[in-house]
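Asker: This is a predicted model, with the sequence first.
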Amino acid sequence: MEFEHLNYELDNRVAIITINHPPVNTLGVKTLQELETAIEAACVDRRIKAVVLTGYGKAFVAGADIKEIANISSKEEGERLSRLGQQLFDRIEQMKKPVIAAINGVCLGGGMELAMACHIRIAGNSAKFGQPEINLGIIPGFGGTQRLARLTNRSIAMEWVLTGNLYSADEAYHVGVVNRIVLDEDVLLEAKKLAHQIATKGGVAIAKSIEAINQGLSGSFREGLLLEAKLFGEVCITADKQEGTQAFLEKRSPVFEDR
């Protein structure tokens, strides 16, 4: 597929989506719309079992397009922009295929909100994180206030959002924003390696696992257990379950058909 602000490629069973909007990959409306198209393409392509999302050059995403925000003249316009980003990022979070963020360089504002919507986050050692919107007299609008508080805790989210400070990859790791830190030059390689590992698993089990974790967190622990039992029952009658258990008993690698 051809995009103005994205690169999209297929690496075996993994889609690599690279935000390519120099100089720092800001998320304007055009970029958000293209990202939505790319995500939907990955969703429906049966060849794809995982997605890696990264930024071109020395930035993951430096934030939303401040010029576009500066031109907002009504609360209705502001809410429409916020909902545009929220709906896209929610679509990413609810995907039945894992999306892995390979975070290179700065990951700020809307970029951090995008990264937090991904299922797994791998950061380069020099990456910088933050929600600096308050320095512009605004607040995070693409889900940052909600996801940051859920990934970390209320106090951490309050400090990050209210100060607008920047934080190192190490600090982001210690509060639970990223899963792991690797050398800058290895970020994409490690994200692809993880995506390819997941892509060897059964597609049905991948989807049900994501659903169990995402939906389970939206209710009580007891409700989560009931959901897990329901989904476990559903995977027990799949061809993938039959193949996986049989392969284990026969001491061979399974060949899943994703059904």
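Answerer: Looks like it came in fine. Residues are numbered from 1 along each chain as shown.
Asker: Please count neighbours and contacts with C-alpha atoms only from this point.
Answerer: Will do.
Asker: Over the helix or strand harbouring residue 146, what's the mean pLDDT, rounded is fine.
Answerer: Element membership for residue 146 (DSSP states H and E) is helix 144-151. For helix 144-151, mean pLDDT is 97.
Asker: For the spatially most central residue of the chain, give me its contacts.
Answerer: Nearest residue to the geometric centre of the chain (Cα atoms, centre = their mean): residue 118, 1.3 Å. Listed by Cα atoms under 8 Å, 6 or more residues apart in numbering, the contact partners of residue 118 are 92-93, 98-101.
Asker: Just give the nearest non-adjacent residue to it, would you?
Answerer: Setting aside the residues directly before and after it, residue 118 is nearest to residue 99 in space (Cα to Cα, 6 or more residues apart in numbering), at 5.2 Å.
Asker: just checking, what packs against the top helix by length along the chain?
Answerer: In the chain, taking DSSP state H as the definition, the longest helix is helix 75-93. Counting contacts by 3 or more Cα pairs under 8 Å, 6 or more residues apart in numbering; DSSP states H and E, helix 75-93 packs against helix 29-44, helix 110-117.
Asker: And residue 221, how far from residue 146?
Answerer: In this view, residue 221 and residue 146 are 19 Å apart by Cα to Cα, to the nearest Å.
Asker: between those two, who's got more neighbours?
Answerer: Of the pair residue 221 and residue 146, residue 146 is the one with more neighbours under other Cα atoms under 10 Å, namely 14 against 11.
Asker: ok, which stretches of the chain are strands?
Answerer: Ranges of strands in the chain, per DSSP state E, are 6-11, 14-19, 50-55, 59-61, 99-103, 106-108, 120-124, 128-130, 167-168, 180-182.
Asker: Export those strands as TSV, with columns for distance to residue 233 and mean neighbour count.
Answerer: Below are the strands of the chain laid out as TSV (distance: least, Cα to Cα, whole Å; neighbours: other Cα atoms under 10 Å):
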stretch	distance to residue 233	mean neighbour count
strand 6-11	33	16
strand 14-19	28	24
strand 50-55	24	26
strand 59-61	39	29
strand 99-103	25	28
strand 106-108	40	28
strand 120-124	26	25
strand 128-130	40	25
strand 167-168	43	18
strand 180-182	33	19
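Asker: want to throw the ones you listed into CSV with mean pLDDT?
Answerer: Below are the strands of the chain laid out as CSV (pLDDT from 0 to 100):
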stretch, mean pLDDT
strand 6-11, 96
strand 14-19, 98
strand 50-55, 98
strand 59-61, 97
strand 99-103, 98
strand 106-108, 98
strand 120-124, 98
strand 128-130, 98
strand 167-168, 98
strand 180-182, 98
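Asker: Appreciated, that's everything.
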